[in-house]
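S.K.: Below: sequence and its predicted model.
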Amino acid sequence: GAGVSQSPSNKVTEKGKDVELRCDPISGHTALYWYRQRLGQGLEFLIYFQGNSAPDKSGLPSDRFSAERTGESVSTLTIQRTQQEDSAVYLCASSLDLRDTQYFGPGTRLTVL
Amino acid sequence: ILNVEQSPQSLHVQEGDSTNFTCSFPSSNFYALHWYRWETAKSPEALFVMTLNGDEKKKGRISATLNTKEGYSYLYIKGSQPEDSATYLCALSSNTGKLIFGQGTTLQVKP
């Protein structure tokens, strides 16, 4: 079956611009997670959604970051007024439920000039 | 706060060598330990999930063990092949499923 997909695969933007990253989870997966990996660092948790529960936003680094999810489908991660330190690979993962194995998408490589 | 350490940071071995990596963590206050393999330009791939002290999992030439009492997990690769070249990630998950990752071990297998 289809895995997790993300778009765009690469995004180059200028400092100060807004960007929107998209994640299509595996059909039927109720939990969806966003992570990012900055150069030389490990993967860090950003946010997760689980069904109709309030999302856990505890990993978002600043109020410039926000994310939405429509039901149990597509999620978008929005970064406003991008900064150079936002440059990273942004990964999305989904799982059947919380605590189940997470399946990752291929990521979006964001470069802020 | 969970802190996951992985060693070594990188490793170069010859084809056919067996190798192992370590994932260490300070406490057993987590739900599960995960190992992922992340090849360049691909998605991280789940290898193993372990929850109980003494758990051992095997997938082909790759196996893993978990010791929650002493706070470590080992990943073993027997007879390394060039296609095993990747970054191997260890992560702990809480009850909410949120993963806390180590920095990874990058393996390069030379033919």
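M.R.: Nice, I can see it. Computed from a prediction, not measured in an experiment: that's the story for all the values here.

S.K.: Tell me the pLDDT of the closest residue to B:S10 other than its chain neighbours.
M.R.: Spatial nearest neighbour of B:S10, chain neighbours left out: B:T106 (4.4 Å); criterion: Cβ to Cβ, 6 or more residues apart in numbering or on different chains. In this view, the C-beta of every residue, glycine as well, is placed from N, C-alpha and C. On pLDDT, B:T106 comes in at 96.

S.K.: do the same with A:G51
M.R.: Looking at A:G51, its pLDDT is 85.

S.K.: How confident was the prediction at the nearest residue to it once chain neighbours are set aside?
M.R.: Once flanking residues are discounted, A:G51 sits nearest to A:T30: 4.9 Å by Cβ to Cβ, 6+ apart. For A:T30, the model assigns a pLDDT of 91.

S.K.: Contact partners for A:T30?
M.R.: A:Q50, A:G51, A:E72, A:S95, A:L96, A:D97 (Cβ atoms under 8 Å, 6 or more residues apart in numbering or on different chains).

S.K.: swap the cut-off to 10 Å and go again
M.R.: Counting by Cβ atoms under 10 Å, 6 or more residues apart in numbering or on different chains, A:T30 touches A:49-53, A:71-72, A:94-98, A:100.

S.K.: Can you spell out which residues form a bridge with the most centrally placed residue in chain A?
M.R.: Nearest residue to the geometric centre of chain A (Cα atoms, centre = their mean): A:W34, 3.4 Å. Beta bridges link A:W34 to A:I47, A:C92, judged by DSSP bridges.

S.K.: mind listing what B:T65 touches?
M.R.: B:20, B:48, B:50, B:54-58, B:72-76.

S.K.: wait, I meant B:S73
M.R.: Shown in contact with B:S73 (Cβ under 10 Å, 6+ apart): B:4, B:6, B:21-25, B:33-35, B:48, B:50, B:55, B:64-67, B:90, B:92.

S.K.: CA atoms of the helix or strand hosting it as PDB?
M.R.: Under the criterion of DSSP states H and E, B:S73 resides in strand B:72-77. C-alpha atoms of strand B:72-77 as PDB (Å, rounded to 0.1, in the frame of the first residue of the first chain):
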ATOM      1  CA  TYR B  72      21.300   0.300  27.000                       C
ATOM      2  CA  SER B  73      20.400  -1.400  23.800                       C
ATOM      3  CA  TYR B  74      22.700  -3.000  21.300                       C
ATOM      4  CA  LEU B  75      22.200  -3.400  17.600                       C
ATOM      5  CA  TYR B  76      24.300  -6.100  15.900                       C
ATOM      6  CA  ILE B  77      24.900  -6.600  12.200                       C
END
